[in-house]
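1. Sharing a model that was predicted from the sequence below.
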Amino acid sequence: MSRAGDTFAADMTPSDVPDVLAPGLRIVFCGINPGRVSAAARAHFANPRNDFWRLLHAARLTSRLYEPAEQLELLREGIGVTNAAYRTTPGSGDLRRGDFAGAAERLERIAGELRPGWIAFVGKEAYRGAFGKRPALGVQERALGDTRLFVLPSTSPANAAVPWSERLRWFDELAGRASQHPLREAARAVLLDPDDRLLLMLFEGRWGGIWATPGGGVERGESDAQALVRELREECGLRDFERGPLLWTRVHRFLDTAGYGGQRERYYLVRTPAFEPAPELDLLSEGVTQTRWFSLDELAGLPTEPSRLTALVRELLEHGAPAEPFDIGF
């Protein structure tokens, strides 16, 4: 693959950091503009406190962790990089509206001529600079021909209020979508005891520590009910329970399971007497370091997957199971 980025900069201020582009890439990442550290290094996202390169690898978008100086190697991974504005500034707050003149047209040419699968904006301001509208995070309704658009949280140290786990959720979502792999079917249990305590498992890994409900993939030929029986026996040692109604659904995209771009999850209510978990499997090998019961008050502030789990459980306890299962979203 060859670098083709300079052909798209003719109508803009020359950049201190050259584009990394080629035909047929999976994803072109679009930052807002070069900062002084990147300009000095002539490399994208070169500030050592910027999480961009670490997030690429953590989301399994790259086969290894790259250094900014190795940016041309990204082309071998099907990834390119550009910026919405080319002028170097101390910070993005120093940009002027005129710095984005021609940005939308240039991105349209990249999409039309190089045909990447996705253009992913690293920060809402990169998208707003190009198109004049402040977006929500995630997939955008706007597309550039066959190229889909996606907005990620900024990876800049100036955006440190957004935690690593939240940034990684969005990079995972993009990775799963861009992979074009099918979704794995999964069933999970919202496991409550008579005191309305919820059983959760602590997964330690690339997200940090995240608490999630028991459950997992539905194997070929299994029903959700059969999968829950197997998963709760293996993960918790629970054998005698009555499966309640389907509460929630969601699609969770990531590249953790070979051949899949994420999971289509269904959450079922399971009421059971209190018990001490006694898993049949070695959960440490799956990254699970704790399993414990939580009261509703103890759930507050807990890092969970899905992130809205505490609010969802509170609504369940206050109002009962929904009349119809609903999609809890990303």
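-> Thanks, I have it.

2. Wasn't Leu284 part of a helix?
-> Yes: counting by DSSP: H, G, I helix; E, B strand; the rest coil, Leu284 is part of a helix.

3. Contact partners for it?
-> Counting by C-beta atoms under 8 Å, 6 or more residues apart in numbering, Leu284 touches no other residue. Bear in mind the C-beta positions are built from the backbone N, C-alpha and C, glycine included.

4. Could you list the single helix or strand in the chain with the lowest mean pLDDT?
-> Lowest by mean pLDDT, DSSP states H and E among the helices and strands of the chain is strand 208-212, with a mean of 89.

5. which other helices and strands contact that one?
-> Using 3 or more C-beta pairs under 8 Å, 6 or more residues apart in numbering; DSSP states H and E as the contact test, the elements touching strand 208-212 are helix 164-179, strand 198-205, strand 304-305.

6. Now the second one: average pLDDT?
-> Within the predicted structure, the mean pLDDT of strand 198-205 is 93.

7. before we move on, the earlier item: what's the least confident helix or strand of the chain in contact with?
-> Outside strand 208-212, the residues within contact range by C-beta under 8 Å, 6+ apart are 164-165, 188, 200-203, 289, 294, 302-305, 309.

8. The same query, at a cut-off of 6 Å, please.
-> Residues outside strand 208-212 that contact it (C-beta atoms under 6 Å, 6 or more residues apart in numbering): Ser165, Leu200, Met201, Leu202, Phe203, Leu302, Pro303, Thr304, Glu305.

9. quick check: domain ranges of the chain?
-> Recorded structural domains for the chain (assignment: automatic domain parsing) are 5-179, 184-327.

10. Go ahead and measure how far the longest one is from the middle of the chain.
-> Okay, so that is domain 5-179. With C-alpha atoms, centre = their mean, to the nearest Å as the basis, domain 5-179 stands 16 Å off its chain's centre.

11. Quick check: end-to-end length of stretch 205-216?
-> Using C-alpha to C-alpha, to the nearest Å, the span of stretch 205-216 from its first residue to its last is 17 Å.

12. Give me the pLDDT value at Pro90.
-> Model confidence at Pro90 (pLDDT) stands at 82.

13. Look at Leu144 and say how many residues are nearby.
-> 18 (other C-beta atoms under 10 Å).

14. Give me the neighbour count for the residue nearest to it when sequence neighbours are not counted.
-> Closest residue in space to Leu144, ignoring its immediate chain neighbours: Ala111 at 3.6 Å, by C-beta to C-beta, 6 or more residues apart in numbering. Residues lying near Ala111 (other C-beta under 10 Å) number 20.

15. Next, the contact list for the nearest residue to Thr257 once chain neighbours are set aside, please.
-> Distances taken as C-beta to C-beta, 6+ apart place Arg184 nearest to Thr257, at 5.9 Å, with adjacent residues excluded. Neighbouring residues of Arg184 by C-beta under 6 Å, 6+ apart: Gly217, Thr257, Tyr260, Gln263.

16. Give the buried subset of the contacts of strand 208-212 as a PyMOL selection command.
-> Filtering the contacts of strand 208-212 down to the buried ones (16 or more other C-beta atoms under 10 Å) takes a single PyMOL command:
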select buried, resi 200+201+202+203+303+304+305
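
17. what about Ala161, is that helix, strand or coil?
-> Once three-state DSSP is applied, Ala161 turns out coil.

18. If you could redo that for Gly301, that was the one I meant.
-> coil.

19. Please report how far Val28 lies from Ala84.
-> 12 Å (C-beta to C-beta, to the nearest Å).

20. who's in contact with Pro306?
-> Taking C-beta under 6 Å, 6+ apart, we find Pro306 in contact with Ile328.

21. what's the most buried one of the domains of the chain?
-> Across the domains of the chain, averaging neighbours per residue (mean count of other C-beta atoms under 10 Å) puts domain 5-179 on top, at a mean of 19.

22. What lies in contact with stretch 44-56?
-> 17, 37-38, 62, 66, 68, 71, 81, 155-157, 167, 171.

23. before we move on, what about stretch 136-147?
-> Residues outside stretch 136-147 that contact it (C-beta under 6 Å, 6+ apart) are Glu108, Ala111, Gly112, Pro116, Ile119, Leu149, Phe150, Val151, Trp170.

24. how about 7 Å then?
-> By C-beta atoms under 7 Å, 6 or more residues apart in numbering, the residues outside stretch 136-147 that reach it are 107-108, 111-112, 115-119, 131, 148-153, 170, 173, 330.

25. How about stretch 229-246?
-> With C-beta under 7 Å, 6+ apart as the test, stretch 229-246 has contacts from 189, 199, 201, 214-216, 225, 228, 266, 268-272, 275, 277-281, 283, 291, 321, 325.

26. please redo it, this time with the cut-off set to 6 Å
-> Residues from elsewhere that reach stretch 229-246 (C-beta under 6 Å, 6+ apart): 189, 214-216, 225, 266, 268-270, 272, 277-281, 321, 325.
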